[in-house]
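The sequence and its predicted three-dimensional model are supplied below.
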Amino acid sequence: MAVIDEDAMTNEAAFARACTSLVGGVNSPVRSFNAVGGVPFFVREGHGSYVVDVEGRRYLDYIQSYGAIIHGHGDQRILSALYEAARRGTTFGAPTLGEVRLAESIKAKVPGVDLVRLTNSGTEATMTALRLARGVTGRSKIIKFEGCYHGHSDALLAASGSGVASLGLPASVGVTAAAVHDTVVLPFNEVPQIGEDIAAVIVEPVAANMGLVPAAPGFLSQLRSLTTQAGALLIFDEVITGFRVADGGASTLFGITPDLWCFGKVIGGGLPVGALAGREDLMAQLAPTGPVYQAGTLSGNPLATAAGAAALDQLNVASYRMLAGRAEQLALGLTKVIEEADLAVQVQRVNGLLGLFFADEPVTNYRQAVASVERGVYPYFFHAMLKRGIALAPGPYEILFPGLAHTVDDIDKTIDIASAAAAEARDQWHQHH
Ligand SMILES: *Cc1c(COP(=O)(O)O)cnc(C)c1O
């Protein structure tokens, strides 16, 4: 058997090789280093809060699969659940109790959820949410907010955030005018007029794909009352916030109940899972009980649902208290050392989620986020951190994901390193500006 000696491989060599078989060397553009320059490190393995690259370098990891990992890499209970499920078969195309268990875990933690449809990704969940909203209301138009990301389906690729924002594209080539014709894009944190032609308003209740931008006081509750008045549905895209900002998610944290929820990331325990969830009268309109079609060969697959249920079962109020504590420690520390380096910084945080803006004032919408990113500090800070062993996302619109495996010492170490990194980033930025 041919053995690839991964230990002898460099990131440069891995990337060069990847580029000959994978587009841009990656399978999702957020993983490329286009926004920060340089070559991505290739992960060999990850344990808890750390990842190790193919050169054997260890990084304290704040990417954590963009929020899909909350218990740290290689969590024992998730791995055991996976082995146990795999021994019994990986997919059947017939229902299994594993799917039921994951749906029950979601229901148990999110008041207002009666029924769940599992998918393989967050994108499928949001895509289905729109179809369902249009199906039940008989209306075509949907409202989304600038800088909120809801996956890569055509109708939602209208001026979206995250990877697309990093690439500097307002939407994507290949999305037709017709596909986004019924998508109304409005500024985040400005309460919109909602007409009776609107099927749904979709929102990240904490925007986490344009950096971390909390909803302004009253924004979500106004969306709730205005959608109800207009007969439109309110969709919370909780693919990041779900089971991350609180036990349940943003709806339980803020006490605002949407009509439909989209979940993903945390609920898969590191495997591909998404979910659409909501009230019975709405969800029952999906096939096979209703006329709105939706399907998936691997949806609710035994491995993914086993991992997801094992992830959710370990989460409780104490987990979220701990996570918020770590994130607070990190936010306070980063603010202090970056300001000491004479860089204007806003570390914005909602419980366990935080994001970093190099900006003078708090960022409340996409335009401000873009203005902060255009200062161009982030790439220098990113590389100064990376070479000292701290892995942040290679894009300025991404956020940090401290997890339950991050220790107080990990955070202290991060802050110490950030002190040196901020000074270096400041000097390099001044040289180039
Ligand atoms: C990641 C994300 C999605 C898309 O989920 P995928 O699993 O990547 O398709 C949708 N909405 C939000 C808020 C996300 O962060």
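Cool, the structure landed. Numbers count the residues shown, from 1 in each chain.

now the residue nearest to Ile69 when sequence neighbours are not counted: how far from the ligand?
Of all residues not flanking Ile69 in the chain, Gly270 sits nearest, at 5.4 Å (CB to CB, 6 or more residues apart in numbering). Placement of C-beta: from N, CA and C, glycine included. Between Gly270 and the ligand the distance, using CB to the nearest ligand atom, to the nearest Å, works out to 12 Å.

Assumed Leu226 was part of a helix.
Yes. Looking at Leu226 with DSSP: H, G, I helix; E, B strand; the rest coil, it is inside a helix.

picking up where we left off before, my guess is the residue nearest to Ile69 contacts Ala311. True?
Yes. In this structure, Gly270 is within contact of Ala311 by CB atoms under 8 Å, at 7.5 Å.

Looking at the stretch 201-350 of the chain, which residue is nearest the ligand?
Val239 (3.5 Å; CB to the nearest ligand atom).

ok, that residue - contacts?
Shown in contact with Val239 (CB atoms under 8 Å, 6 or more residues apart in numbering): 122, 125-126, 150-151, 262-265, 274.

So which of the residues you listed belong to strands?
Using DSSP state E to define strands, the subset of those located there is 262-263, 274.

Of those, which ones also sit close to the ligand?
On the criterion CB under 6 Å from any ligand atom, Gly274 are the entries of those that sit beside the ligand.

From the ones in strands among the contacts of Val239, list just the buried residues.
262-263, 274 (16 or more other CB atoms under 10 Å).

how about the ones in strands among the contacts of Val239 in a markdown table, adding pLDDT and distance to Asp410?
Shown next, in a markdown table, are the ones in strands among the contacts of Val239 (pLDDT from 0 to 100; distance: CB to CB, whole Å):
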| residue | pLDDT | distance to Asp410 |
| --- | --- | --- |
| Cys262 | 98 | 31 |
| Phe263 | 98 | 27 |
| Gly274 | 98 | 29 |
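
Tell me the one among the ones in strands among the contacts of Val239 nearest to Val377.
Cys262 (32.5 Å; CB to CB).

Relative to the ligand, how far out is the closest residue to that closest one other than its chain neighbours?
Counting by CB to CB, 6+ apart, the nearest residue to Cys262 once its immediate chain neighbours are dropped is Ala125, at 4.0 Å. Using CB to the nearest ligand atom, Ala125 is found at 7 Å from the ligand.

gap between Ala125 and Gly264?
6 Å (CB to CB, to the nearest Å).

Between those two, tell me which one has more neighbours.
More neighbours surround Ala125 than the other of Ala125 and Gly264, with 30 against 27 (other CB atoms under 10 Å).

Does the more buried one touch Pro272 like I think?
No. Contact criterion CB under 8 Å: Ala125 and Pro272 do not qualify, at 11.6 Å.

Near whichever residue of the stretch 101-250 of the chain sits closest to the ligand, how many other residues are there?
Scanning the stretch 101-250 of the chain for the residue nearest the ligand gives Gly122, at 2.3 Å (criterion: CB to the nearest ligand atom). If you count neighbours by other CB under 10 Å, Gly122 ends up with 29.

repeat for Gly174
8.

And Glu196, by the same measure?
Neighbourhood size, Glu196 [other CB under 10 Å]: 10.

same question, Val345
Val345 has 20 neighbours, counted by other CB under 10 Å.

In contact with it, which residues?
Residues counted as contacts of Val345 (CB under 8 Å, 6+ apart) are 334-335, 338-339, 356-359.

CSV for these, including neighbour count, secondary structure and distance to Glu280?
Shown next, in CSV, are the contacts of Val345 (neighbours: other CB atoms under 10 Å; DSSP: H, G, I helix; E, B strand; the rest coil; distance: CB to CB, whole Å):
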residue, neighbour count, secondary structure, distance to Glu280
Leu334, 22, helix, 44
Thr335, 17, helix, 45
Ile338, 26, helix, 48
Glu339, 13, helix, 50
Leu356, 27, strand, 41
Phe357, 27, strand, 41
Phe358, 22, coil, 46
Ala359, 19, coil, 44
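
tell me which parts of this structure are close to the ligand?
121-123, 126, 149-151, 204, 209, 237, 239-240, 264, 274.
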